[in-house]
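Engineer: Give me a 3D structure for the following:
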Amino acid sequence: MATAASPTVGLEMAIRLCAVLIGILCLQAEGQEPGYIVSMSVGPLPQTGLYYVPPNGGTAIQLARPRVLPAVSVMGPSMAQLPGNRHILVDESYSTGYNTFSYHVFDRLRGSYDPLPLIPPIAQGVFGTLVIDQEGDLILAASGSQTSGVYRLGRDGSYRNVASFGGLSGEVLVDLDTGDYVVCASPAVLRVSPGGSVFTIGNLAGAIVQAQDPESGEYLVWAPDGVNLPSRIHRMAATGVVTSTNITAARPVGTAVDETPSVLGEYVYCSFQSYIARASRAGGMSTILQQFPGFCVDMIMDSVQSISTTNAGLPNKWNLLIGFSHDRGYPYIVLVGVSGYRAGITLQDQRRIRLNPDGVTVLGASGGLQGFTGLLGTLDSLGNARGMIDLSAVGPAARGLPFWMVGLVLDPAAPSGIRRISPPVVVQIR
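Structural biologist: Residues are numbered from 1 along each chain as shown. Model (predicted):
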């Protein structure tokens, strides 16, 4: 049980004080609740495009179509939520034969879909998956005829190799525990530092890594389940230990861990064979949320970048972007900690704040954390807010150390006084 002097009690008092001091008239949010975005292809037909799938299933809504519709059209094959939680990056590099990046941006608010400028040419035959890192850059796990490895595509159009190795498969992830990148060069699951150091986490034949479970820190790795059988989800710990689940799918193309509304959590996955489904962490039968008339090529959680950063011109200086488009006009607070995100704080309604509170957390919640601004305030009419993190003066001894952030939307009428909780975000000192 927490004592009166514990960080948890101090944090609770700070959150309550923030809610009282902000004291606003809460506005009713508009639009759909966060769900899932699926990229689906049925060839050169109008049905090809990006689709929104509600969190509990139901009718999918087409959001956008490709700019180019070749004979075999693919809306993707890679997507990523950009910092700020409003825009989705979509890879249409198939239209150039993978000789040049062809990325487009879908604006969730305006509904527009436009090419992304400042994309350099790349080696012929390169293709891959991507993630947006803490600097706002694209980290690409690329395989091709001339080069293979992890690359950084900067917001300024720069393109450089981080680490080289072959056999890449699956996604590239930002490791929640370290801030490094996780990729799969089958059979090995690898962790790659931003400086290019490569560490082997473990091995699994046919491995395709697609997600990380914040409950345990384990990576969710798909692998073939026998000859001519679907793939099965395995959990791989940072030590390389592998445990199996009973969840199978034919050609999985996207996986996410959804902890809304409670810590019980679900694995949501999308199969190339035209469906998106979910299953409990504990196993059991999967529930199909939506079936599609064509082939699914990627899936991401909608509005998952509620808390994000982009580089502000100096090493270890970032713009802090807060985006809760479904919670316009509500007060918010961003919690910061240096003690990890597991197990976090379990609320009475069984939701989990994925942050271990410490002295840094209490300082931030009370507005006294040096180098951090914008950690508490009110979301604007679009559900946005901004701040700054300036740790540019830290010395080289701090290089590689991570800290974590979680965003809360406050509402006295909501359970535990908290309307929404963001997923945890890790930022690494570099």
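Engineer: which stretches of the stretch 1-150 of the chain aren't confidently modelled?
Structural biologist: Along the stretch 1-150 of the chain, the parts satisfying pLDDT under 70 run over 1-32, 68-77, 94-101, 118-128, 144-146.
Engineer: Strands of that one, start to end?
Structural biologist: 36-41, 49-53, 61-64, 79-81, 87-91, 103-107, 113-115, 127-132, 138-143, 148-153 (DSSP state E, counting those that start in this stretch).
Engineer: Format the ones you listed as TSV; extra columns: distance to Pro261 and mean neighbour count.
Structural biologist: C-beta coordinates here come from the backbone N, C-alpha and C atoms, glycine included. Shown next, in TSV, are the strands of the stretch 1-150 of the chain (distance: least, CB to CB, whole Å; neighbours: other CB atoms under 10 Å):
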stretch	distance to Pro261	mean neighbour count
strand 36-41	15	26
strand 49-53	17	22
strand 61-64	22	16
strand 79-81	20	23
strand 87-91	23	24
strand 103-107	26	18
strand 113-115	31	14
strand 127-132	26	22
strand 138-143	30	24
strand 148-153	35	21
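Engineer: Of all these, which one comes closest to Val257?
Structural biologist: Shortest distance between Val257 and these, using CB to CB, is found for strand 36-41: 12.2 Å.
Engineer: orientation of that closest one relative to strand 87-91 in degrees?
Structural biologist: Angle of strand 36-41 versus strand 87-91, following axes from the mean of the first three to the mean of the last three CA atoms, to 10 degrees, is 30 degrees.
Engineer: which other helices and strands contact strand 36-41?
Structural biologist: strand 49-53, strand 266-271, strand 295-301 (3 or more CB pairs under 8 Å, 6 or more residues apart in numbering; DSSP states H and E).
Engineer: dump the residue contacts of Ser186.
Structural biologist: Gly167, Ser169, Ala205, Gly206, Ala207, Ile208 (CB atoms under 8 Å, 6 or more residues apart in numbering).
Engineer: can you pick the most crowded of the residues you listed?
Structural biologist: When neighbours are taken as other CB atoms under 10 Å, the top entry among the contacts of Ser186 is Ala207 (25 neighbours).
Engineer: if we can go back for a sec, now the helices and strands packed on strand 36-41 as CSV including distance to Ile322?
Structural biologist: Listed next are the helices and strands packed on strand 36-41 as CSV, based on distance: least, CB to CB, whole Å:
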stretch, distance to Ile322
strand 49-53, 22
strand 266-271, 24
strand 295-301, 17
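Engineer: and those, which is most packed in?
Structural biologist: The highest average neighbour count among these, using mean count of other CB atoms under 10 Å, belongs to strand 266-271 at a mean of 24.
Engineer: for the record, mean pLDDT for that strand?
Structural biologist: In this model, strand 266-271 carries a mean pLDDT of 94.
Engineer: next SSE after that strand?
Structural biologist: Remark: after strand 266-271, the chain's next helix or strand is strand 275-280, criterion DSSP states H and E.
Engineer: Whichever helix or strand comes after that following strand vs strand 275-280, what angle?
Structural biologist: Proceeding N to C from strand 275-280, the next assigned helix or strand is strand 287-291, under DSSP H and E. For strand 287-291 against strand 275-280, the angle by the same axes, to 10 degrees is 160 degrees.
Engineer: got a list of contacts for strand 287-291?
Structural biologist: So strand 287-291 is contacted by 36, 38, 51, 53-54, 56-58, 60, 268, 274-279 (CB under 8 Å, 6+ apart).
Engineer: Can you give me the buried ones in that strand?
Structural biologist: The neighbour-count criterion (16 or more other CB atoms under 10 Å) identifies Leu289, Gln290 as the buried residues of strand 287-291.
Engineer: how about the CA coordinates for it, as CSV?
Structural biologist: This file holds the C-alpha atoms of strand 287-291, laid out as CSV (Å, rounded to 0.1, in the frame of the first residue of the first chain):
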residue,chain,number,x,y,z
THR,A,287,-13.4,-12.3,-33.0
ILE,A,288,-13.6,-11.0,-36.6
LEU,A,289,-14.2,-7.2,-36.6
GLN,A,290,-14.4,-6.7,-40.3
GLN,A,291,-14.1,-8.6,-43.6
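Engineer: how far is that strand from where the chain is centred?
Structural biologist: 22 Å (CA atoms, centre = their mean, to the nearest Å).
Engineer: for stretch 362-369, same thing?
Structural biologist: 26 Å.
Engineer: how about that stretch: buried residues?
Structural biologist: Val362, Leu363, Gly364, Ala365, Ser366, Leu369.
Engineer: pLDDT on stretch 308-327, on average?
Structural biologist: Computed over stretch 308-327, the average pLDDT equals 96.
Engineer: C-alpha coordinates for that stretch, PDB please?
Structural biologist: This file holds the C-alpha atoms of stretch 308-327, laid out as PDB (Å, rounded to 0.1, in the frame of the first residue of the first chain):
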ATOM      1  CA  SER A 308       4.700  12.500 -29.800                       C
ATOM      2  CA  THR A 309       7.900  14.500 -30.400                       C
ATOM      3  CA  THR A 310       9.800  16.000 -33.300                       C
ATOM      4  CA  ASN A 311      13.300  17.400 -33.200                       C
ATOM      5  CA  ALA A 312      13.400  21.200 -32.500                       C
ATOM      6  CA  GLY A 313      16.800  22.000 -34.100                       C
ATOM      7  CA  LEU A 314      19.300  20.700 -31.500                       C
ATOM      8  CA  PRO A 315      20.200  17.300 -30.200                       C
ATOM      9  CA  ASN A 316      17.900  16.400 -27.300                       C
ATOM     10  CA  LYS A 317      15.600  19.300 -27.900                       C
ATOM     11  CA  TRP A 318      12.100  18.300 -29.100                       C
ATOM     12  CA  ASN A 319       8.700  19.800 -29.900                       C
ATOM     13  CA  LEU A 320       6.100  18.100 -27.700                       C
ATOM     14  CA  LEU A 321       2.900  17.400 -29.600                       C
ATOM     15  CA  ILE A 322      -0.300  16.500 -27.800                       C
ATOM     16  CA  GLY A 323      -3.200  15.300 -30.000                       C
ATOM     17  CA  PHE A 324      -6.500  14.000 -28.600                       C
ATOM     18  CA  SER A 325      -8.900  14.800 -31.500                       C
ATOM     19  CA  HIS A 326     -11.800  13.100 -29.800                       C
ATOM     20  CA  ASP A 327     -11.500  15.200 -26.600                       C
END
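Engineer: No more questions from me, cheers.
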